[in-house]
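S.K.: With the input below, show me the fold.
(2 chains)
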There are 2 protein chains.
Amino acid sequence: MSVEKIIAGEFDAQVAIDLLRELRALTEDEQGAQRVAWTATWRKARSWFLTQVDGLPGVEHHRDAAGNNWVTLKGESEKVLILGSHLDSVPNGGWLDGALGVMAGFAVLKHFALNGPPPVTIRVVDWADEEGARFGRSLFGSSAFAGTESVAADRVRTDREGVTLEAALRENGIAIEAIGNAAVERENAAAYLELHIEQGPVLESLGLPLGAVLGTKGVERHTITFFGQEAHSGSTPMTQRHDALAAAAKLALEIRPIAMKHPDAVCTMGSLKTFPGIVTAVVGRVEATLDQRDLDADVLTQMFNEALTASYKFATEEGCSVNWSRIWSIEPISFHPKLIEFCEEAIREVARHVHRLPSGPLHDAAEVARLGIPTTMMFVQSLGGISHNHIEDTREEDLILAVKAFFRLAEKTMAWILEN
Amino acid sequence: MSVEKIIAGEFDAQVAIDLLRELRALTEDEQGAQRVAWTATWRKARSWFLTQVDGLPGVEHHRDAAGNNWVTLKGESEKVLILGSHLDSVPNGGWLDGALGVMAGFAVLKHFALNGPPPVTIRVVDWADEEGARFGRSLFGSSAFAGTESVAADRVRTDREGVTLEAALRENGIAIEAIGNAAVERENAAAYLELHIEQGPVLESLGLPLGAVLGTKGVERHTITFFGQEAHSGSTPMTQRHDALAAAAKLALEIRPIAMKHPDAVCTMGSLKTFPGIVTAVVGRVEATLDQRDLDADVLTQMFNEALTASYKFATEEGCSVNWSRIWSIEPISFHPKLIEFCEEAIREVARHVHRLPSGPLHDAAEVARLGIPTTMMFVQSLGGISHNHIEDTREEDLILAVKAFFRLAEKTMAWILEN
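M.R.: The predicted structure follows:
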């Protein structure tokens, strides 16, 4: 149980941490958090969250057409500051990814609910299905809000049991045709802020608790298939092979210098499958994935072209051929310069030192930002850079600093909204 | 139906080809040959073969304690020339792998059955389960004959349905404890000859139909596991990764120069598996296989040591660790110099040109040779070097040359046996 500690006029960051622990106890098993979107455990998490909201004076909540939960506290201005993140997790996930941002936003809203109206209307949003863990469609709710939903492609997506996304939505009371109606929630939106764990090792390696996020990197994500010639490992001379694994191995190594020409770029071969994949056969076919990210669209294009060219070269060298198939891509999205500045100020006020960094992982903030709503994010250090795992963790003192800095960022942003 | 064409005194190679076609029609579906050992289709193939034997004068057949079928034609001497190979295939296999050697041996035996007794006793053996396709234990029957059976390790082997090898043997009327009794079949054995398709591209690339086999290469077969650190592909800078795939990719490329220092050596990474193996995660663990072969034991040891050393180097470079686990190994086995010479002579007599080559794939002949029985093999060209596949094929004129040369090899060997 969380303990009521709010004293008039003083912001209580601890409330967010206490709620995170409650949520953890409610939705985690030995393998980790199980709040996968559109499942019973996720619904339990959201219901629990709304019971926290229900006791607060002047606070309304409702679910929109795409399944996003909105908690609204009217302010002196009708202009809206949105604070958000997501309660859903990957299977066997961590306790902070997504939930931290919702609880931090709620702590800010709760403060103003108990201490008189905020200067602008504050809304906390719990986006539906950020992770895309069950159906492979991430940013589901925020894309519907932003008008970038893809109903035709998504309705037929299936989970491992063959259930369609459309059917899972229906089970959750959502009609997939109508999710675009979530756009009505944009009304009066003046800014969006999101606090999230970094999910990477940069802040830890710098010894800093908090970072101001410049934007989300663009992503090029492809499947690359090398075709060689399956052959007997014992009877096929080295010089007569068409080894698809050799071509793929060369590319796995070459993507690294391609990325390292640029300070923040990353290129990853995350999956490589060999066919027939037996100890006694030269590999006839490889299916590999490539994920490339950078905050600069030109850099991203250059890296993609270099990897493509390298793959053709290696295929030729190994007597193989190669096919590329785009899985998915998104352009880089830069956050709002003024809000980034506020974020840096807020961090310096509570933690003295700040680092500016792009976000490699995507976040709901990217969907909001590309709609044109001024947006930024704040990152708090992840221990070991680990997330999407039950050992995901952040020091409690860093979580407290993060929620305090996020409150200050919200205050600065509200003042700025009023000026504009 | 095969047509009886034997004319007294003239060897008929065509009989072997006709029988191969009959067997193919009997045991092949659209995916290829289905004569997997210990299955109904294999038993059908063997029964059909024994019906071919049954009509011949003076010919006896029986099955030994390990399931090998022996067809015996008494000769003027009690000394025995064994001609053999195997009727079992891999699933979706080819029509020639194994079956060619049995049919060629049978054609030789049939010739003498119809044309007076041979100078020495001729026995044709159809070894049981050469491929090890269902239980992963190759050379099953010939190892029992040679006294290198491994009952304790093998009885608990299971197929994909969980059936144990012991149970499958029992279903085929064989008690696994007793398979070593197949050693009684060694009595008076003076030489062993085996005709087989090359299963590789060497003869085709030289434009030659036939080759004399020097021996079977030794094999070192290992699983190599690289341990890195799973990490988010978007948030983990290139310089802070412990990418298990990078270490494995370096090894996949390095095994090639290690092999190519030696004329006939081969090194193959046939399987590489990435974990977690998802597009958005740096690879935390790789399981790869390595298969190394050469006819020279010292070369094999050198290649193994060089690969081991390289793997440690690459693991260190990538901030990973590495484990090796031996799957299986066998020493190189050289065939008998005199029989290799006869094989070359026989090939020159029917096809003018001969090539000497080691066998990369293992064969039952290796088990017989390491027992000390003078042994050699003859290879016939494989189109495209392809086997273990329904498109496995050899030109009919080359098959005819092969069976003719094999007959001559048998004649030369029988004469040599009598002299010794």
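
S.K.: where along the stretch 301-420 of chain A do the strands fall?
M.R.: A:321-330, A:333-334, A:355-359, A:375-380 (DSSP state E, counting those that start in this stretch).

S.K.: doesn't A:F314 make contact with A:A244?
M.R.: No - using C-beta atoms under 8 Å, A:A244 is not in contact with A:F314, being 10.2 Å away. Just so you know, the C-beta spots here come from the backbone N, C-alpha and C atoms, and that holds for glycine as well.

S.K.: Any figure for the gap between A:R221 and A:C267?
M.R.: 11 Å (C-beta to C-beta, to the nearest Å).

S.K.: Looking at the two, which one has more neighbours?
M.R.: Taking other C-beta atoms under 10 Å in any protein chain shown, A:R221 and A:C267 do not tie; A:C267 has more neighbours (26 against 19).

S.K.: Give the other helices and strands that the helix or strand where that one lies contacts.
M.R.: Assigned by DSSP states H and E, A:C267 belongs to strand A:266-268. In this structure, strand A:266-268 packs against helix A:244-260, strand A:285-294, with contacts taken as 3 or more C-beta pairs under 8 Å, 6 or more residues apart in numbering or on different chains; DSSP states H and E.

S.K.: would you list those in TSV and tack on mean pLDDT and distance to B:E254?
M.R.: Below are the helices and strands packed on strand A:266-268 laid out as TSV (pLDDT from 0 to 100; distance: least, C-beta to C-beta, whole Å):
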stretch	mean pLDDT	distance to B:E254
helix A:244-260	98	10
strand A:285-294	97	18
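
S.K.: of all of the stretch 1-150 of chain A, which residue lies closest to chain B?
M.R.: A:S138 (9.6 Å; C-beta to the nearest C-beta).

S.K.: Can you tell me the closest non-neighbouring residue to that residue?
M.R.: Counting by C-beta to C-beta, 6 or more residues apart in numbering or on different chains, A:S138 lies nearest to A:G132, which is 3.3 Å off, once chain neighbours are set aside.

S.K.: same deal with A:G67?
M.R.: A:A128 (3.5 Å).

S.K.: returning to that earlier point: quick one: mean pLDDT for the strand holding A:C267?
M.R.: If you average the pLDDT over strand A:266-268, you get 98.

S.K.: Run the chain-centre distance for it.
M.R.: 17 Å (C-alpha atoms, centre = their mean, to the nearest Å).

S.K.: How about stretch A:89-106?
M.R.: 11 Å.

S.K.: Return the set of buried residues in it.
M.R.: For stretch A:89-106, burial by neighbour count (16 or more other C-beta atoms under 10 Å in any protein chain shown) applies to A:89-106.

S.K.: Comparing A:A244 and A:F314, which shows the higher neighbour count?
M.R.: A:A244 (29 against 21).

S.K.: That one: what's it in contact with?
M.R.: A:F226, A:F227, A:G228, A:T274, A:V283, A:G284, A:R285, A:V286, A:E318, A:C320 (C-beta atoms under 8 Å, 6 or more residues apart in numbering or on different chains).

S.K.: Now those residues in a markdown table, please, with extra columns for neighbour count.
M.R.: Formatted as a markdown table, these follow (neighbours: other C-beta atoms under 10 Å in any protein chain shown):
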| residue | neighbour count |
| --- | --- |
| A:F226 | 29 |
| A:F227 | 16 |
| A:G228 | 25 |
| A:T274 | 25 |
| A:V283 | 33 |
| A:G284 | 21 |
| A:R285 | 19 |
| A:V286 | 27 |
| A:E318 | 21 |
| A:C320 | 26 |
